[in-house]
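Engineer: show me the folded form of this:
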Amino acid sequence: MFERIARHWQSFGETEPYWSVLTNPLFFKDTLPEHIDGFFEHGRSDVERSLNYLRRADLACEHVERALDFGCGVGRLTVALARYANTVVGVDISPGHLREAEKSAARFGIDNAQFRLISNVADLDTIGNFDLIVSRIVLQHNPPPVMAALYRKLLGCLRPRGMAVVQMPTYIAGQSFAVAPYLSGPEEPMEMNALPQHEIFSIIEASGCRVIEVRECSHLGDVDGISHTFAVQRRA
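Structural biologist: Residues are numbered from 1 along each chain as shown. Predicted coordinates:
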């Protein structure tokens, strides 16, 4: 399942890397130059929104040693996270997106960003531990078993008292999932999936984390469903 998703996103990375991150026609290659500042401003707003979950709980998120932007794409959040960490690591499954992410870091004079390519879920065991993890509009493009596996791995990357702010759909009307039909059925280049909230809470508990805040958010576009952002902290 992971390989299937990677294949499509690697294609997006070679054709329309910015549009695939934020599916607004303004961010197609032909119109991107005049709108690229707005693209990265959107990323800055998303990072500030993510950190506000932690600020409201009086958690020390303003300056951390290591931060992770999971599913970094072209560096939309990485650039904004760089000011809050000594080192920020952007991870993605698409070489094309990562090439653009490196250009984004150079464009904004970011010298504390690193970028890593992963080719399977187990690669997350090799990226080290983090004080802060942020991921938005990423996990939703994976089938539910992969969403669960990735979220479990991400929480496993947290240092004691480390914080994670991760967005995921928790309900999509009419959606059901079974592995065999999924693998044998037609492929959607950019699929949208949900992971039920009770499963997310089970992963949080099993990972030794506590919930800081959960808030419904609007990251589904025209899809009839519900998305939530989960802010958690790993226990000491």
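Engineer: point out where this structure drops to low pLDDT.
Structural biologist: Across the chain, nothing is flagged by pLDDT under 70.
Engineer: quick one: the strands in the chain, in order.
Structural biologist: With DSSP state E, the ranges of strands along the chain come out as 64-70, 85-92, 113-117, 130-135, 158-172, 209-217, 225-234.
Engineer: turn those into a markdown table, including mean neighbour count.
Structural biologist: For the C-beta atoms, the positions are set from N, CA and C on the backbone; glycine is no exception. Formatted as a markdown table, the strands of the chain follow (neighbours: other CB atoms under 10 Å):
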| stretch | mean neighbour count |
| --- | --- |
| strand 64-70 | 24 |
| strand 85-92 | 23 |
| strand 113-117 | 18 |
| strand 130-135 | 26 |
| strand 158-172 | 21 |
| strand 209-217 | 14 |
| strand 225-234 | 21 |
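Engineer: looking at these, spot the one closest to L22.
Structural biologist: In terms of CB to CB, the element of the strands of the chain nearest to L22 is strand 158-172, at 13.7 Å.
Engineer: angle of that closest one against strand 130-135?
Structural biologist: Going by axes from the mean of the first three to the mean of the last three CA atoms, to 10 degrees, strand 158-172 is angled at 20 degrees with respect to strand 130-135.
Engineer: tell me what angle strand 158-172 forms with strand 64-70.
Structural biologist: 30 degrees.
Engineer: pipe the strands of the chain into JSON lines and attach distance to P145 per row.
Structural biologist: Shown next, in JSON lines, are the strands of the chain (distance: least, CB to CB, whole Å):
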{"stretch": "strand 64-70", "distance to P145": "17"}
{"stretch": "strand 85-92", "distance to P145": "19"}
{"stretch": "strand 113-117", "distance to P145": "22"}
{"stretch": "strand 130-135", "distance to P145": "17"}
{"stretch": "strand 158-172", "distance to P145": "13"}
{"stretch": "strand 209-217", "distance to P145": "20"}
{"stretch": "strand 225-234", "distance to P145": "18"}
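Engineer: name the residues of stretch 35-48 that are buried.
Structural biologist: Neighbour-count burial for stretch 35-48 flags I36, F39, F40, H42, G43, D46, V47 (criterion: 16 or more other CB atoms under 10 Å).
Engineer: cool, stretch 2-16 as well?
Structural biologist: F2, I5, A6, H8, W9, Q10, F12, G13, E16.
Engineer: wouldn't the fourth one be in contact with P189 here?
Structural biologist: Right, H8. Yes - here H8 reaches P189: they are 4.6 Å apart, a contact under CB atoms under 8 Å.
Engineer: among the buried residues of stretch 2-16, which ones are in helices?
Structural biologist: The helices, defined by DSSP state H, take in F2, I5, A6, H8, W9, Q10, F12, G13 from these.
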